[in-house]
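**Student:** Coordinates for the following, if possible.
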Amino acid sequence: MDSDDSSLAEGHSQPSPEPPAVGILAPRAETAAEARRSIRRWVLGMVGFVVASAVVGGLLLKVPYVALVPGAARDTEPLLAVEGITEYPSDGELLYTTVRLRQRPNLWEYIWLRMDADAEVVPEENILGDRTPEENREFNLELMNSSKQVAVAVALEQLGYDAVRTDAVVIQALIAGEPADGILEPGDSVLSIDGRPTLSTEDLVTVLGEYRPGEEVELLVERFTTQETSTYSIVLGEHPDKPGGAFLGVQPADRLDFSNDFDFVVDIDSGSVGGPSAGLAFTLAVLDQLTEGELTGGTRVAVTGTINAAGQVGPVGGVRQKTAAVRDLGIGVFLVPKGIGPDEIEMLRDKAGDDLEIIPVATVEEALVALDSLGGDVGAVDEFAAANRGDR
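**Tutor:** You can find the predicted model right below:
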């Protein structure tokens, strides 16, 4: 039988059908424009990554500097508490000034603060010395407490009371590399030298004047940090300004012992503010509060400067930042320490502009003269003192 089936019977196979074609395209070459776009995207991505890393890194990186920036000017009258004696509230204001410290700013803050005309950036050790931030804060709070005591006492002396005597020499600062450096600490009180009492800085100078460089002395010292008394041996150096003269290497000040033998109390609540620079402001505030009339003439007067037992006004730090704060608050007068020097005073006047008068003073008396020129009733202070002395 002639059919296709016979071929199958004889073992012949039929050819397999061809598989269907699959559509695979050859890769297309990237055009030059597309290549440039790819490179641009890659470069922009890398730049963005670097910028983001720099921004984050700058925010996280703290630099060992402290920035002094304008703080505030605050009225002193609400801080005074007077009991047992008549007080006279004022319409005007005596304001003490402050500086804010920004410790360890990040890198970007540091760069920004460097460009700020009202800020000053200094190395951290210039502010802290060898103290920790917490120790520095405690130290400044103690300085404020001492400053308030001195301010009240000086004001009472100005009003005719016997309010102050000295009982030791307190170390305000140490001169690096000199004999006392590394042995004494700021705030320590020198009670005697070789058994001879040092009740004042004058005593200290007199006693040291009897020694020569290279001689060893024993100091009886009351530690500021512990209030404990210890003896320290120190070999004296040579005074840099007096060849052949003995030198301890400290900046001394009288430690004051205040009389509490009064039938009234004057207290100042400074809160958490530290440092001694409100001394003059507090002195004037007590005088204003305890006498009739307006010591400021009814205006707002900002004040900065330390005060000592003799009524002398000492220089302070951050005066430029304080001037900026006073200027921005629209206050018309700012009493500053004359001791900061004529160049600094001229710079303050430039910063103050035309609407803020800068008046440098060296003593409480000079501050009262300045207030008198502004229309303040300074005569009330003299009248109070004269009457008070007449009673004794």
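
**Student:** contacts and neighbour counts: CA atoms only from here.
**Tutor:** Noted.

**Student:** so where's this protein shaky on pLDDT?
**Tutor:** In the predicted model, the chain carries pLDDT under 70 at residues 1-30, 34, 53-59, 391-392.

**Student:** max-length helix in it?
**Tutor:** helix 32-60 (DSSP state H).

**Student:** Give the other helices and strands that that one contacts.
**Tutor:** Applying 3 or more Cα pairs under 8 Å, 6 or more residues apart in numbering; DSSP states H and E, one finds that helix 32-60 contacts helix 107-114.

**Student:** What residues sit buried inside the helix it packs on?
**Tutor:** Along helix 107-114, the positions that meet the burial threshold by neighbour count (16 or more other Cα atoms under 10 Å) are 107, 108, 109, 110, 113.

**Student:** Can you list the residue ranges for helices in the stretch 251-392 of the chain?
**Tutor:** Remark: helices of the stretch 251-392 of the chain, listed N- to C-terminal, are 279-290, 319-328, 342-352, 364-373, 379-390; assignment by DSSP state H, counting those that start in this stretch.

**Student:** re earlier: ok, of the buried residues of helix 107-114, which one's closest to residue 269?
**Tutor:** Using Cα to Cα, residue 113 is the member of those that lies nearest residue 269, at 31.9 Å.

**Student:** so that closest one touches residue 107, yeah?
**Tutor:** No. The pair formed by residue 113 and residue 107 falls short of the contact definition of Cα atoms under 8 Å, at 9.9 Å.

**Student:** Now do the domain split for this protein, please.
**Tutor:** 71-122+129-163+262-392, 164-258 (automatic domain parsing).

**Student:** So which residues of the stretch 101-250 of the chain form helices?
**Tutor:** With DSSP H, counting those that start in this stretch applied, the stretch 101-250 of the chain shows helices at 107-114, 124-128, 133-158, 201-208, listed in chain order.

**Student:** would TSV of those helices with distance to residue 383 be doable?
**Tutor:** Putting these into TSV (distance: least, Cα to Cα, whole Å) gives the following:
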stretch	distance to residue 383
helix 107-114	49
helix 124-128	43
helix 133-158	11
helix 201-208	32
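
**Student:** Could you point out which of those sits nearest residue 170?
**Tutor:** For the helices of the stretch 101-250 of the chain, distance to residue 170 was read as Cα to Cα. The smallest value, 8.6 Å, belongs to helix 201-208.

**Student:** still on that earlier bit, how about the domains of the chain, which one is nearest residue 35?
**Tutor:** Ranking the domains of the chain by proximity to residue 35 (Cα to Cα) places domain 71-122+129-163+262-392 first, at 36.9 Å.

**Student:** Could you tell me how many residues sit around residue 210?
**Tutor:** Counted by other Cα atoms under 10 Å, the residues lying close to residue 210 total 9.

**Student:** before we move on, what about residue 241?
**Tutor:** 8.

**Student:** Please apply the same query to residue 330.
**Tutor:** By other Cα under 10 Å, 11 other residues sit near residue 330.

**Student:** In contact with it: list those residues for me.
**Tutor:** Residue 330 sits next to 355, 356 when contact means Cα atoms under 8 Å, 6 or more residues apart in numbering.

**Student:** how far away is it from residue 355?
**Tutor:** For residue 330, the distance to residue 355 under the criterion Cα to Cα, to the nearest Å works out to 8 Å.

**Student:** Then residue 245?
**Tutor:** Residue 245 sits 49 Å away from residue 355, going by Cα to Cα.

**Student:** okay, those two: which has more neighbours?
**Tutor:** With other Cα under 10 Å as the criterion, residue 245 and residue 355 differ in neighbour count, and residue 245 comes out ahead with 17 against 11.
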